[in-house]
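J.: Just need the structure, nothing else, for what follows:
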Amino acid sequence: RVLSHIGSFANIRGGHIFPDLVRQSTPRNIRVCLQAGTNDLNTTWGNWYLGNKQMESSLCVQGYSLRFVEGKGCHQGKHGGADFPVAMRWLWKD
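T.: Model (predicted):
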């Protein structure tokens, strides 16, 4: 089970390579919940929201059990915190 709030899949500390690694790796039996905000950081290192959309796409291509929660927030934890109880129930269902 994986929970990611405003994941850093931009070109900072190598985070930009993870969507491609997911596409190139054998899928694992895991459930993933991603949360991202459309107004997240957009810097010289990349766009955090678009990095999360790339990760969502990679996980979908590989057939992962995925929940992607999108909001209008920026790079802070309010949206992820508000969604946390729902995310935990989804991650631990079944």
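J.: is the residue positioned nearest the centre of the chain in a bridge, and if so with what?
T.: Geometric centre of the chain, nearest residue: Leu34, 3.5 Å, by Cα atoms, centre = their mean. For Leu34, the beta-bridge partners under DSSP bridges are Ser4, Phe68.
J.: mind checking pLDDT for it?
T.: Listed pLDDT for Leu34 reads 97.
J.: going forward can the numbers begin at 724, since that is how I track them
T.: In the new numbering, first residue 724, that becomes Leu757.
J.: my guess is it meets Asn775, correct?
T.: Yes - shown here, Leu757 and Asn775 form a contact pair, counting by Cβ atoms under 8 Å, at 5.8 Å. To be clear about C-beta, it is placed using only N, CA and C from the backbone, and glycine gets the same treatment.
J.: between those two, what contacts are shared?
T.: 727, 730, 791 (Cβ atoms under 8 Å, 6 or more residues apart in numbering).
J.: ok, those residues vs Met811, which is closest?
T.: Ranked by distance to Met811 (Cβ to Cβ), those are led by Ser727 at 13.4 Å.
J.: what's near enough to touch the closest one?
T.: By Cβ under 8 Å, 6+ apart, Ser727 lies in contact with 755-758, 775, 778.
J.: neighbour-wise, which of those leads?
T.: Taking other Cβ atoms under 10 Å as the neighbour criterion, Asn775 ranks highest of those with 26 neighbours.
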